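Chemist: sequence unknown, structure follows:
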């Protein structure tokens, strides 16, 4: 078996570097993503463009292979760590940038009775990459937490996550309460989680079902009119 | 000449195979009278594979048996398993997963209501902890992911089927590896014993069980 040659990231052209970053993100190489992001910034790339073309696009490819059963959760978590290493460099620049404009506020949380947050955290990361201000309520949220966050942050979208078959019906409880209070007609609700499907989302009257993290971010952009 | 029908078919998660064989032996039955077909236990970590795998077995075997039962909980299939069972007129164990039907619904609820961050182990999972949990979650390759997986858990609850000091010790090692405290409860075979007994034609009351319910939605 031939030895692999080390790739010197600085020797690559911009387009080659972006392509290499997609590969490195796919392989979960956090240090390489950090270095690639640094190089692009040094070359004068706009932080928004690095985020969308290198990191989010890389994670979109990861999302497709996760959906198709080529990648599994441990690998995706590695990819997420790699993306975080790039976002750590970009976040302060984006926050200070004149061109930074949030596409909307997204409140997200795992429902009551459920402590699983891997999927929710991946969705939150992809939403942030897509330009949303993400308000993360964490795990085990009763309906009161969602109502309080809606009142406080006036989100464009509310997202709920669940991993367990036993906890996913609570999403319906929250949606019903939002409907009773007249909030549902103004606020799109997205739901997601491993045991969910479109049929369940329809049954509980959710606006949108997010099949995976990358798809959730794409759908969220469509909801706020940034993806048309 | 037509093929002679066997009495019962039990389609089960591989994680329950040893326990079902034990229960079957206790009832004096063998594989000819209660045939056991298993789906790989590894699908515990990939629940989307469970319903298609059960369906494949039922499609191949169901017509040869006059009684069929599926020893699964809902197991994160999002309704897909129940849809398969409905099409074959088969039923399964009540509950979301094996932890619930081993402990019984009320004891399981009592544990999770008291401590929501409970990570459950059974005899099978204790014996196969390294393969299904450590390797299954990729922690052998990426140990730093431990906090991503278990950061919200506070305790390991070992729901034991047998009285085995070696397994209790192994459960403690598993809990230590996850950085969590261990709670040990002997629950026996729970609703699984009742289900196997009913499939064998036993009266539910004759079989030790947490409830006499069996299958159906």
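Modeler: It's in. As the structure is a computational prediction, the values presented were derived from the model and not from experiment.
Chemist: Show the contacting residues for residue 181.
Modeler: Here I'm looking at chain A. The contact partners of residue A:181, by C-beta atoms under 8 Å, 6 or more residues apart in numbering or on different chains, come to residue A:147. For glycine as for every other residue, the C-beta is placed from the backbone atoms N, C-alpha and C.
Chemist: Please refer instead to chain B.
Modeler: B:154, B:155, B:156, B:175 are the contacts of residue B:181 under C-beta under 8 Å, 6+ apart.
Chemist: before we move on, what about residue A:200?
Modeler: If a contact means C-beta under 8 Å, 6+ apart, then residue A:200 has A:168, A:191, A:209, B:78, B:79 as its contacts.
Chemist: Hmm, residue A:189 and the third one touching each other?
Modeler: Think residue A:209. No. Counting by C-beta atoms under 8 Å, residue A:189 is not a contact partner of residue A:209; they are 10.3 Å apart.
Chemist: Chain A against chain B: which residues are in contact?
Modeler: Neighbours of chain B within chain A, by C-beta under 8 Å from any C-beta of the partner chain: A:72-75, A:77-78, A:113, A:115-118, A:121, A:139-140, A:163-166, A:194-197, A:199-200.
Chemist: Restricted to strands, list these.
Modeler: Within those, no residue falls in strands by DSSP state E.
Chemist: Could you turn the buried ones of those residues into a PyMOL selection?
Modeler: Buried residues within these, as defined by 16 or more other C-beta atoms under 10 Å in any protein chain shown, are selected in PyMOL through the command that follows:
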select buried, chain A and resi 73+74+75+77+78+113+115+116+117+118+121+139+140+163+164+165+166+194+195+196+200
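Chemist: tell me which residues in the lowest-mean-pLDDT helix or strand in chain B are buried?
Modeler: Ranking every helix and strand in chain B by mean pLDDT, DSSP states H and E puts strand B:6-13 at the bottom, with a mean of 88. Neighbour-count burial for strand B:6-13, counted by 16+ other C-beta under 10 Å, picks out B:6, B:8, B:9, B:10, B:11, B:12, B:13.
Chemist: ditto for stretch A:24-33
Modeler: Buried residues in stretch A:24-33, counted by 16+ other C-beta under 10 Å: A:24, A:25, A:26, A:28, A:29, A:30, A:32, A:33.
Chemist: Show which residues not belonging to that stretch make contact with it.
Modeler: Stretch A:24-33 is touched from outside by A:9, A:20-21, A:36, A:54-55, A:58-59, A:61-62, A:65, A:75, A:77-79, A:81-86, with contacts defined as C-beta under 8 Å, 6+ apart.
Chemist: and residue 79, what is it in contact with?
Modeler: Went with chain A since none was named. Taking C-beta under 8 Å, 6+ apart as the criterion, residue A:79 is in contact with A:25, A:26, A:28, A:58, A:59, A:62, A:71.
Chemist: my bad, the chain I had in mind was chain B
Modeler: Contacts were defined as C-beta under 8 Å, 6+ apart; by that measure residue B:79 touches A:197, A:199, A:200.
Chemist: Can you report how many residues lie near the residue in chain B positioned nearest to chain A?
Modeler: For chain B, the nearest residue to chain A under the criterion C-beta to the nearest C-beta is residue B:138, separated by 2.5 Å. By other C-beta atoms under 10 Å in any protein chain shown, the residues close to residue B:138 number 18.
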